[in-house]
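Asks: here you go, sequence then predicted model.
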Amino acid sequence: QITLKESGPTVVKPTQTLTLTCTVSGFSLSTSGVGVGWIRQPPGKALEWLAITYWNDDNRYNPSLRYRLTITKDTSKNQVVLTMTDVDPADTATYYCAHRDKWLRPFDYWGQGTLVTVSS
Amino acid sequence: DIVMTQSPDSLAVSLGERATINCKSSQSLLYDSNNNNYLSWYQQKPGLPPKLLIYWASVRESGVPDRFSGSGSGTDFTLTISSLQAEDVAVYYCHQYYESPFSFGQGTNLEIK
């Protein structure tokens, strides 16, 4: 049974760095084809893809946020970490992590999401 | 970057009637080497994460009722709910996974008339 769970701060001040952790179970981050991505959703708005890390250390980013994002994984801890620098109130959103199989399927299993508010 | 545009933004349909949502991509999502369209559909209810309904444009995810179907190829795609049920009230998103950066449509809010 594949599960993902996001964790991190609920409130962050502007200009600070946001660090979110996705803890996964039911699959290995080192299995061929496996990817874990981050997607966010501002309140009442659409989904926005942020970044993805694959089993082979291939990392991809949304160009609009590229210089603010870093995605890493720790296979031994079954965790994927997303770091976003210099946050702004416009970064207030629910942040989701999600699993995909690069060869077979899009994002198929999602975490419950974590709401992050950027406010002073 | 591939831009996904859905229509309409909002839709009200009577119970038991057909609901149709369209999605257009700014470039083809058909990968010639395997003849697959890298297009999926998600359903999102308030307070919940998106739920995968359809992938490869027309393959229904396991457990999804057969009243949901996907069609289309290249740049034009459609999600059809053949007989709307009360539990289908949600926002629906199309999503391209053809290439990075991945992208979603703006969403279609489906309500009961």
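Replies: Good, I have the coordinates. Numbers count the residues shown, from 1 in each chain, chains lettered A, B, ... in the order given.

Asks: model confidence score at A:Arg60, please.
Replies: Per-residue confidence (pLDDT) for A:Arg60: 97.

Asks: give me the element it is part of.
Replies: In this structure, A:Arg60 is located in strand A:59-61 according to DSSP states H and E.

Asks: up against chain B, what does chain A have?
Replies: For chain A, the contact set with chain B under C-beta under 8 Å from any C-beta of the partner chain comprises A:37, A:39, A:46-49, A:52, A:60-64, A:96, A:98, A:100, A:105-108, A:110-113. Placement of C-beta: from N, CA and C, glycine included.

Asks: hmm, 6 Å instead?
Replies: By C-beta under 6 Å from any C-beta of the partner chain, the part of chain A that sits against chain B consists of A:Ala46, A:Leu47, A:Trp49, A:Arg60, A:Asn62, A:Pro63, A:Tyr96, A:Arg105, A:Pro106, A:Asp108, A:Trp110, A:Gly113.

Asks: report the buried members of those.
Replies: Among the residues of chain A next to chain B, those classed as buried by 16 or more other C-beta atoms under 10 Å in any protein chain shown are A:Ala46, A:Leu47, A:Trp49, A:Arg60, A:Asn62, A:Tyr96, A:Arg105, A:Pro106, A:Asp108, A:Trp110, A:Gly113.

Asks: kindly reformat the residues you listed as TSV containing secondary structure and distance to A:Ser25.
Replies: Rendered in TSV, the data for those read as follows (DSSP: H, G, I helix; E, B strand; the rest coil; distance: C-beta to C-beta, whole Å):
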residue	secondary structure	distance to A:Ser25
A:Ala46	coil	29
A:Leu47	coil	24
A:Trp49	strand	23
A:Arg60	strand	24
A:Asn62	coil	26
A:Tyr96	strand	16
A:Arg105	coil	18
A:Pro106	coil	20
A:Asp108	coil	15
A:Trp110	strand	14
A:Gly113	coil	17
